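>>> I'd like to go over a predicted model; first the sequence, then the structure.
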Amino acid sequence: MSGVRVLVGTVKGAFIFESDERRQKWEISEPQFPGWEMYHLKGSPVDPNRIYASQSSGWFGQTMQRSDDGGKNWEAISNEFEYATDPGTHQWYDGTQHPWKFARVWHLEPSLTDRDTVYAGVEDAALFKSTDGGQSWNELPGLCDISGPKWQPGAGGMCLHTIVLDPNDEKRIVVAISAAGAFRTNDGGETWKSINHGLKSEWELPDPVAEVGHCVHNITMHPGKPDTLFMQKHWDVMRSDDAGDNWFEVSGNLPSDFGFPIAVHAHEPETIYVVPILSDQFHYPPEGKLRVYRSKSGGNEWEALTNGLPQENCYVNILRDAMSVDGLESGGVYFGTTGGQVYCSPDSGDSWNTIVHDLPRVLSVEVQTLA
């Protein structure tokens with residue numbers, strides 16, 4: 001029987017939930033790495049038993065972990081991230097130059113085709129690649145070469161937090177950096193181009209249509225339409241139909257166009273999900289109502305999905321990597337909150353169930369669909 005495995009990273013450990021295709025009853029693991037910040041966990045689409053995890057603490061720094069048995073056992077893998085050259089400097093908000101630093105691995109993205117290849121987005125913003133299952137890491141330096149000295153940090157740091165791999169072309173990769181924007185390579189990371197045309201940052205940049213400097217929060221795509229990208233920006237929900245060369249706004253009737261995660265339905269390329277929060281100052285749902293919004297038309301027309309979600313006195317946030325979908329026929333949707341709740345919709349968002357109530361602050365939610 002098919003089912004799902006939900007990988008949850010929190011500020012105080014990781015948790016793994018498993019269920020059958022009905023997704024009504026869940027087996028919940030003991031905390032993995034209790035007390036550690038588990039910033040992101042991601043399973044390999046090639047090998048469902050392989051999971052990578054980013055583990056860190058203020059005392060011991062960054063550690064990488066890998067499991068080859070679905071999260072039952074873990075092995076610490078290399079923490080050495082080899083920069084191709086001297087990382088150099090980048091611009092701070094006040095215009096002064098600051099040296100690059102290595103603070104954290106924000107996002108892990110295993111290859112769609114190779115079991116041992118995995119990408120890592122780090123802070124300060126850089127993209128690394130491993131071809132030996134995480135034992136060694138090397139920077140793809142062309143990304144920082146194109147405009148790196150002009151990048152500035154967002155409120156959470158200057159982080160490369162999104163990596164999107166094209167299922168039809170392994171050399172095409174899209175990344176997003178806060179607060180620099182979106183970038184694309186068509187040659188596996190040798191050369192890159194800025195793909196921010198159409199983005200506007202009226203309150204953030206002296207030039208609101210600058211090529212670099214936009215605070216992109218997340219990007220997603222459907223594997224069946226890799227040229228169509230959806231973006232949750234600092235403000236605005238955006239869409240591109242030419243792999244990011246041009247963007248246009250699809251916020252439509254959302255109660256707020258500020259948010260962090262964005263996801264696309266596993267089987268419906270024009271069905272997308274966002275979770276609006278009130279503003280960049282107030283990180284909680286408008287009116288204290290936790291509502292996932294779904295568009296079945298690729299944006300502009302949105303409907304609130306509320307069945308099973310709290311509709312009063314709810315003041316949690318949903319972070320950029322804390323929403324995911326499964327590949328089952330009914331199209332499950334999952335998200336976690338800063339209040340420690342993890343929700344599941346087994347029916348594409350029509351109704352929601354709580355998997356667990358009382359975890360630590362949730363940083364990431366990823367789903368593996370199991371045969």
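Arrived safely.
>>> next SSE after the lowest-mean-pLDDT helix or strand in the chain?
Using mean pLDDT, DSSP states H and E, the weakest-scoring helix or strand in the chain turns out to be strand 81-82, at a mean of 78. With elements assigned by DSSP states H and E, the helix or strand that comes after strand 81-82 is strand 89-91.
>>> List the pairing partners of the next helix or strand after that following strand within its sheet, with orientation.
Tracing the chain past strand 89-91, the next element assigned as helix or strand by DSSP H and E is strand 97-99. As defined by DSSP bridges, the strand partners of strand 97-99 come to strand 89-91 (antiparallel).
>>> per-residue confidence averaged over the partner strand?
Averaged over strand 89-91, pLDDT sits at 86.
>>> So A304 sits against R291, correct?
Yes. Using C-beta atoms under 8 Å, A304 is in contact with R291, at 4.5 Å. C-beta: built from backbone N, CA, C; applies to glycine.
>>> okay, those two: which has more neighbours?
R291 (22 against 17; other C-beta atoms under 10 Å).
>>> Flag the shaky bits of this structure, pLDDT-wise.
For the chain, the stretches flagged by pLDDT under 70 are 1.
>>> Chain neighbours aside, what residue packs nearest to V105?
Spatially, and ignoring its direct neighbours in sequence, V105 is nearest to S54 (4.0 Å; C-beta to C-beta, 6 or more residues apart in numbering).
>>> Assumed that neighbour was part of a helix.
No. Per DSSP: H, G, I helix; E, B strand; the rest coil, S54 lies outside any helix segment and is strand.
>>> For the residue nearest to T117 when sequence neighbours are not counted, give me its contacts.
Excluding the flanking residues, the one nearest T117 by C-beta to C-beta, 6+ apart is S111, at 3.7 Å. By C-beta atoms under 8 Å, 6 or more residues apart in numbering, the contact list for S111 reads S44, V46, T117, V118, Y119, L165, E170.
>>> In strands only, show me the residues you listed.
If you go by DSSP state E, the contacts of S111 have V118, Y119, L165 in strands.
>>> is it true that the second one touches I163?
Think Y119. Yes. Here Y119 reaches I163: they are 5.1 Å apart, a contact under C-beta under 8 Å.
>>> on that earlier part again, just among the contacts of S111, which is most surrounded?
V118 (26 neighbours).
>>> residues in contact with it?
S44, Y52, L108, E109, P110, S111, K129, S130, G133, G134.
>>> Bridged to it, which residues?
Legend: beta-bridge partners of V118 under DSSP bridges are P110, S130.
>>> Name the residues linked to the residue most central in space within the chain by a beta bridge.
Centroid-nearest residue in the chain, with C-alpha atoms, centre = their mean: D321, separated by 3.5 Å. Beta-bridge partners for D321, by DSSP bridges, are S364.
>>> Could you verify my assumption that it touches V365?
Yes. If you go by C-beta under 8 Å, D321 and V365 touch, sitting 7.3 Å apart.
>>> Which residues are in contact with each of the two?
Common neighbours of D321 and V365 (C-beta under 8 Å, 6+ apart) are G9.
>>> ok so L143 is a helix residue?
Yes. The assignment for L143 (three-state DSSP) places it in a helix.
>>> I figured D236 hits D257, correct?
Yes. Counting by C-beta under 8 Å, D257 is a contact partner of D236 at 5.1 Å.
>>> what's the overlap in contacts for the two?
E249, S251.
>>> Which one's more surrounded, those two?
Legend: neighbour count by other C-beta under 10 Å for D236 and D257, higher for D236 (23 against 18).
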